[in-house]
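K.L.:
Pasted the sequence and its predicted model underneath.
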Amino acid sequence: MIQEEYTTEATLSVPESGTVAWESPSNIALVKYWGKKPVQLPANASISFTLKNCYTATKLSFSKADKRSVKVFVGGQEQPSFLKKIETFFERIESYCPYINHYAFKIETENTFPHSSGIASSASGFSALALCVLSIERKAAGLSDADFYKKASFLSRLGSGSACRSVYGPMGVWGAHADYTGSSNDFAVPYDDVHDVFKTYQDTILLVDKGEKKVSSTLGHDLMNDHPFAANRFEQARNHMLELQKILKSGNILDFNRLVEKEALTLHAMMMTSDPYFMLFKPNTLNIIHKVWEKRTSDNIPFTITLDAGANVHLLYPAEYKQLALDFIKDELIAYCQNEQYICDEVGNGPLLKMEHYA
Ligand code: DP6
């Protein structure tokens, strides 16, 4: 990439102080990103639905200082344990945003979903923080909306790969792919060439296991480097991106279901065949999948399942089946959810600016 394009002049006249707040959503990948090269470049292109209700709300307060300092508060409580990840992120972005080295920052952040729900907060968390930081630059440099979101996505990627897709709704595409115009390994691009049915798609997240993941995504990505099936997997993902593009346009839900489930199961098959192998499925993950498949066949309801790097199951379906889905969950799936918990979400339109004040 052309580094200069993302680097801000060190002489930029940024505000003395201020507060910026953004809400940025989580996302669920349909074609999965699994495998990366340093720093944060994907081994294959991926595409996701941006969610609506699962988001991180982050408020960034800043005032000029001799050198950078950061304090983090989560749900009102100071959380020094979050500093390491945020410091790594700031180190990765400082050459693109040199002004961050001259501020004392206070970050106040909160997720709408329970912290220990097993839902990755890195996508919503890093995109919210990147949007807050870049708002300072937009104020000083007057970035166009297109440039603002592009650089916000670029910065988010350096925090967590999947975070770069959260900057756009209803869908984001990350990773260079010949059939997706403007796609890049450096940042995500918005994607909305989709049939109406997908614009209101529902995602009910069945919380199977709320514990900390035993294997982090970062380690899982690393294991793809020497994975015996990696080359085939990356080739398959490339083909799936093209297939899905056609499906999204046509609105063919049966083809959508087949492809999305193949992606989810391939992701987990990669984990189960890594060296060392690992498995994030729990018994209730499988119980849910089998119940959903039975219901789909018996009642002819176009449910599909997907998973990210965890045991929770995302149940995807068109909005018109919402009531049927909720009844089915209450009657037959809730027994497999930890503390009977599930989260109702749907496709959303991307991040929201909540507050902006500069002095
Ligand atoms: C399975 O984006 O969490 O959810 O870049 O190391 O932060 P890092 O990984 P992360 O990986 C997400 C993996 C996934 C698939 C996806 O979202 O595409």
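P.N.:
Alright, I've got the coordinates.
K.L.:
any idea of the mean pLDDT in stretch 316-325?
P.N.:
Averaging pLDDT along stretch 316-325 gives 98.
K.L.:
Surely residue 30 forms part of a strand?
P.N.:
Yes. Under DSSP: H, G, I helix; E, B strand; the rest coil, residue 30 falls within a strand.
K.L.:
what about it, distance to the ligand?
P.N.:
Going from residue 30 to the ligand by C-beta to the nearest ligand atom, to the nearest Å gives 9 Å. For the C-beta atoms, the positions are set from N, CA and C on the backbone; glycine is no exception.
K.L.:
How about residue 245, nearest residue that isn't a chain neighbour?
P.N.:
In space, and not counting its chain neighbours, residue 245 is closest to residue 179: 6.0 Å by C-beta to C-beta, 6 or more residues apart in numbering.
K.L.:
Correction: the previous question concerned residue 158.
P.N.:
Among residues not flanking residue 158 along the chain, residue 92 sits closest, at 4.2 Å (C-beta to C-beta, 6+ apart).
K.L.:
and if you look at residue 137?
P.N.:
Nearest non-adjacent residue to residue 137, counting by C-beta to C-beta, 6+ apart: residue 8, 5.8 Å away.
K.L.:
Show me the domain layout of this protein.
P.N.:
With domains defined by automatic domain parsing, the chain comprises 3-194, 198-346.
K.L.:
Make a markdown table out of the ones you listed and add distance to residue 353 and mean neighbour count.
P.N.:
Shown next, in a markdown table, are the domains of the chain (distance: least, C-beta to C-beta, whole Å; neighbours: other C-beta atoms under 10 Å):
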| stretch | distance to residue 353 | mean neighbour count |
| --- | --- | --- |
| domain 3-194 | 6 | 20 |
| domain 198-346 | 21 | 17 |
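K.L.:
nearest to residue 356, of the ones you listed?
P.N.:
When the domains of the chain are compared by C-beta to C-beta, domain 3-194 sits nearest residue 356, at 5.3 Å.
K.L.:
Work out the gap between the closest one and the centre of the chain.
P.N.:
Relative to the centre of its chain, domain 3-194 is centred 10 Å away, using C-alpha atoms, centre = their mean, to the nearest Å.
K.L.:
Also stretch 346-359?
P.N.:
16 Å.
K.L.:
Enumerate the positions of that stretch that are buried.
P.N.:
By neighbour count on 16 or more other C-beta atoms under 10 Å, the buried set for stretch 346-359 is 346-348, 350-351.
K.L.:
Quick check, residue 193 in contact with residue 250.
P.N.:
No. Contact criterion C-beta atoms under 8 Å: residue 193 and residue 250 do not qualify, at 10.9 Å.
K.L.:
List the contacts of residue 126.
P.N.:
For residue 126, the contacting residues are 89, 156, 159-160, 163, by C-beta atoms under 8 Å, 6 or more residues apart in numbering.
K.L.:
which one of these sits closest to the ligand?
P.N.:
residue 160 (3.2 Å; C-beta to the nearest ligand atom).
K.L.:
Tell me how far the nearest residue in space to that closest one that is not next to it in sequence lies from the ligand.
P.N.:
Counting by C-beta to C-beta, 6+ apart, residue 122 is the residue found nearest to residue 160 once chain neighbours are left out, at 3.7 Å. Relative to the ligand, residue 122 is positioned 5 Å away (C-beta to the nearest ligand atom).
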